[in-house]
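Student: Here's my sequence, what's the structure:
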Amino acid sequence: MQRQTPTNGRSPLNGDAAVIHVCEALASGILRVLPPIANATAAAGIPTVVVHGRRPETPLDLSEWFDRGVSLVSVPGWGDRSALASGPATARAIKVLRGELAKFDTGVLHLHSSHAGFVGRVLPAPGWRRFYTPQGYAFLNASHPLPFRVLTLATELALARRAHTVACSRAEGEVASRISGGRPVSVVQNGIEVDSPSRVASRRDDEFVVASVGRAVYQRRPDLFVEMRALLGEEPDTAFYWFGDGPERPLLAGAGVTVSGWLGQAEAAAAIERTDVLVHFSAFEGLPLSLLEGMAAGRAVVATDLSEIREVVADAGILVQSAPEAAAAVRRLRADDSFRLELAARARERARRLFTQQAMVERMLATYSL
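Tutor: A predicted model of the protein is given here:
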């Protein structure tokens, strides 16, 4: 059973309890979701700890993301998923987390993504209320070998009863409900910070920018972006960008896509502002933050037709199932300026109305008080 947790004003914790967040890689979408939740409890005077690993894209200085009241505990090597490094790093994470739990009598232990979900659920934590947000189940990643996917699914089934699952989308909640063995599952949709409204870009006379935002890995299907770019190769004055970086950078660069490398918050926002059409291919999802940010910035979106993405986009974008369909959608948006502007305005209104950071934080704090 799923439930959308109401905001009821209750305090999520009492007494001297703490909140400890655990994430194997403090980067990408988790870096947008976790800080506002941690900052909210720290601001309320609740001891708040973030145990985390790093990826290459993790900012060296996390001060712009977290308030001073949040204690950041880095686990050396956690985030390196190579065969030789992964096992020792996981063991270090368990040891570090055990030490942090020992500093407090009780509280909330929130595990973000599958690697953290494993560490935080195998470790005994009497007196702690455990919550687990998959942010996209690992067994859905078809780039992994089948035996690994079977193992991760078996692990999820075995550990499902050791934490309350808080899905980041209704679609993920449906998957979680099937795994949970009848236990309740909460849904707290990811949300974004909504500032002053961005303008919806009108057609420029120099170049038409088609871009994607995120980590260049299988999940984001850079191969489809390359195929789409090839199909649109004859379009005049059309520029193709990938705002981000990752292992598939050579594939993108070799096809004539400009890869920016990892950008800071302000730089990423400015890059989206220069975009005419945001393309979001995906093999599987939790609930995509980069897509929401593009919508909130007033950009027309073309995205893979997955249930998680339909939940975000609805009728405020063009949903596709292949690179040729995406290329056709981009051609239509380029040719019909009024349609593109109408779609962009619809996307902005939907993102800013339904997927706010404030609503996400309030719902999560209410969920902690279950």
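Student: Tell me where the stretch 151-300 of the chain has strands.
Tutor: Applying DSSP state E, counting those that start in this stretch to the stretch 151-300 of the chain gives strands spanning 164-167, 185-187, 208-215, 238-245, 258-259, 277-280, 300-304.
Student: Tell me, how many residues neighbour the nearest residue to Asp223 once chain neighbours are set aside?
Tutor: Spatially, and ignoring its direct neighbours in sequence, Asp223 is nearest to Leu251 (6.8 Å; CB to CB, 6 or more residues apart in numbering). The C-beta positions use only the backbone N, C-alpha and C, and glycine is treated the same way. A count of nearby residues for Leu251, using other CB atoms under 10 Å, gives 17.
Student: ok, now Gly69?
Tutor: For Gly69, the number of neighbouring residues by other CB under 10 Å comes to 15.
Student: wait, doesn't it sit right on Ala42?
Tutor: Yes: assessed by CB atoms under 8 Å, Gly69 is found in contact with Ala42 at 3.4 Å.
Student: Identify the contacts common to the two.
Tutor: Thr48 (CB atoms under 8 Å, 6 or more residues apart in numbering).
Student: can I get the strands of the stretch 151-300 of the chain in TSV with mean neighbour count, mean pLDDT and distance to Ser338?
Tutor: Formatted as TSV, the strands of the stretch 151-300 of the chain follow (neighbours: other CB atoms under 10 Å; pLDDT from 0 to 100; distance: least, CB to CB, whole Å):
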stretch	mean neighbour count	mean pLDDT	distance to Ser338
strand 164-167	24	96	37
strand 185-187	22	96	36
strand 208-215	24	94	15
strand 238-245	22	94	19
strand 258-259	16	96	28
strand 277-280	28	97	15
strand 300-304	27	97	11
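Student: and of the ones you listed, who's closest to Leu84?
Tutor: Of all the strands of the stretch 151-300 of the chain, strand 208-215 sits nearest to Leu84, with 22.1 Å by CB to CB.
Student: how far out from the middle of the chain is the closest one?
Tutor: Taking CA atoms, centre = their mean, to the nearest Å, one finds the center of strand 208-215 at 17 Å from the center of the full chain.
Student: which strands and helices sit next to that strand?
Tutor: When contacts are defined as 3 or more CB pairs under 8 Å, 6 or more residues apart in numbering; DSSP states H and E, strand 208-215 sits against helix 222-231, strand 238-245, helix 265-273, strand 277-280, helix 289-296.
Student: Give me the residues contacting that strand.
Tutor: Residues outside strand 208-215 that contact it (CB under 8 Å, 6+ apart): 27-28, 57, 220, 222, 225, 229, 232, 235, 237-246, 268, 271-272, 274-281, 290, 293-294, 330, 334.
Student: For it, which strands pair with it and how are they oriented?
Tutor: Looking at strand 208-215 with DSSP bridges, its partner strands are strand 238-245 (parallel), strand 277-280 (parallel).
Student: and those as JSON lines, adding distance to Ala154?
Tutor: Below are the strands paired with strand 208-215 laid out as JSON lines (distance: least, CB to CB, whole Å):
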{"stretch": "strand 238-245", "distance to Ala154": "32"}
{"stretch": "strand 277-280", "distance to Ala154": "31"}
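Student: Nearest approach to Asp80 belongs to which of these?
Tutor: strand 238-245 (16.3 Å).
Student: Same question for stretch 270-277: list its buried residues.
Tutor: Across stretch 270-277, burial judged by 16 or more other CB atoms under 10 Å covers 271-272, 275-277.
Student: Please parse this structure into its domains.
Tutor: Using automatic domain parsing, the domain parsing of the chain gives 2-191+356-368, 208-354.
Student: Compare the mean pLDDT across the ones you listed and name the weakest.
Tutor: Lowest mean pLDDT within those: domain 2-191+356-368, a mean of 89.
Student: Can you give the distance of that one from its chain's centre?
Tutor: 12 Å.
Student: now stretch 181-198
Tutor: Centroid separation between stretch 181-198 and its chain, computed with CA atoms, centre = their mean, is 11 Å.
Student: Stretch 320-336 now?
Tutor: Mean-position distance between stretch 320-336 and its chain equals 25 Å (CA atoms, centre = their mean).
Student: Please renumber the chain so that the first residue is 27 from this point on.
Tutor: In the new count, where the first residue is 27, that last one comes out as stretch 346-362.
Student: Pull out the buried positions in it.
Tutor: By 16+ other CB under 10 Å, the buried positions in stretch 346-362 come out as 346, 349, 351-356, 358-360.
Student: what's the answer for stretch 67-74, then?
Tutor: Across stretch 67-74, burial judged by 16+ other CB under 10 Å covers 67-68, 72-74.
Student: so what does the host helix or strand of Leu137 touch, helix or strand wise?
Tutor: Element membership of Leu137, judged by DSSP states H and E, is strand 133-138. In this structure, strand 133-138 packs against strand 44-49, helix 54-69, helix 140-148, strand 154-159, with contacts taken as 3+ CB pairs under 8 Å, 6+ apart.
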